[in-house]
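Visitor: Pasting the sequence and the predicted coordinates here, then a few questions.
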Amino acid sequence: MDLQLNGKLAFISGSTKGIGKAIAITLLKEGAKVIVNGRNNTDEVVSELSQFGQAFAIEGDLSNEVDANRIIQEIEKIGKLDILINNMGIFNPKPFEEISDQEWKTFFEVNVLSTVRLCRHFFPKMLDSDFGRIINISSEAGMRGLESMVHYSMTKGAQLVIGRGLANLTKGSGKDITVNSVLPGPTMTEGVSAWLKESAAVQGKTEEQFVLEFFKETEPDSLLQRFIKPQEIANVVTFIASPLSAAINGSSIKAEGGLIKTIA
């Protein structure tokens, strides 16, 4: 299937590894041009990704207002942005009563304000053009409110509200502009892989045993009963980024392996 992404310019925050990197590779393979972003190693990642298509690097921290403004200006220098994917984020399991004010602020700066800053600049520009896609990489935690990560869940819920609010503003534009959120479930990123190896070793189990027990005891509602692959999330995001997805707008698209036990 031709996703009609040839020549479209995409920016993906936090895309030097994990889900963001998988999205970058998939978009490149579909003919899009991609701007990779991260706090470091962006040039190395772009060198690796260049085998798939035209990739650019903009290094910097979108949780910092000054740095975010610089990054936005550098995006503008590369070209007109067609696709904005807000993937940057941090997580850290921690008991609610131990989460300090500073940690709440840090999570909000990284996971929410990075999204706000990019949308605030590029959403009005997309409304003035014929095509635009904004996709927030949220999480099933944004709907479930995980007791082990209340601060993280709060930020992911905020992304859902931002996405729907902006989508409402596209009403009646007569243009192909959409804003959606994708909700991954537990995904085997580099960070999760390291946590898995360490946890299995501490408990004297094989990784296979640990995974089986994790989904049996911690995530029994998962229909998949395994960790999602970053590529599986990237496939969903790439379709939503394409002109073929024009009928999907203002949606929270679950890609969480069936963890959320609702039909809506």
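Guide: Done, it's in. Numbering: from 1, shown residues only.
Visitor: mind listing the strands for the chain?
Guide: For the chain, the strands defined by DSSP state E occupy 9-12, 33-38, 55-59, 83-86, 131-137, 176-184, 252-255.
Visitor: Turn these into JSON lines, including distance to S100, mean pLDDT and mean neighbour count.
Guide: Heads up, the C-betas are built off the backbone N, CA and C, glycines and all. Formatted as JSON lines, the strands of the chain follow (distance: least, CB to CB, whole Å; pLDDT from 0 to 100; neighbours: other CB atoms under 10 Å):
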{"stretch": "strand 9-12", "distance to S100": "30", "mean pLDDT": "98", "mean neighbour count": "25"}
{"stretch": "strand 33-38", "distance to S100": "26", "mean pLDDT": "98", "mean neighbour count": "26"}
{"stretch": "strand 55-59", "distance to S100": "29", "mean pLDDT": "98", "mean neighbour count": "20"}
{"stretch": "strand 83-86", "distance to S100": "25", "mean pLDDT": "98", "mean neighbour count": "28"}
{"stretch": "strand 131-137", "distance to S100": "26", "mean pLDDT": "98", "mean neighbour count": "25"}
{"stretch": "strand 176-184", "distance to S100": "27", "mean pLDDT": "98", "mean neighbour count": "24"}
{"stretch": "strand 252-255", "distance to S100": "29", "mean pLDDT": "97", "mean neighbour count": "19"}
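Visitor: okay if I get these as TSV plus distance to K125?
Guide: Shown next, in TSV, are those (distance: least, CB to CB, whole Å):
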stretch	distance to K125
strand 9-12	12
strand 33-38	15
strand 55-59	17
strand 83-86	10
strand 131-137	8
strand 176-184	10
strand 252-255	24
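Visitor: Return the distance of the closest residue to F11 other than its chain neighbours relative to M126.
Guide: Of all residues not flanking F11 in the chain, I35 sits nearest, at 4.4 Å (CB to CB, 6 or more residues apart in numbering). Going from I35 to M126 by CB to CB, to the nearest Å gives 16 Å.
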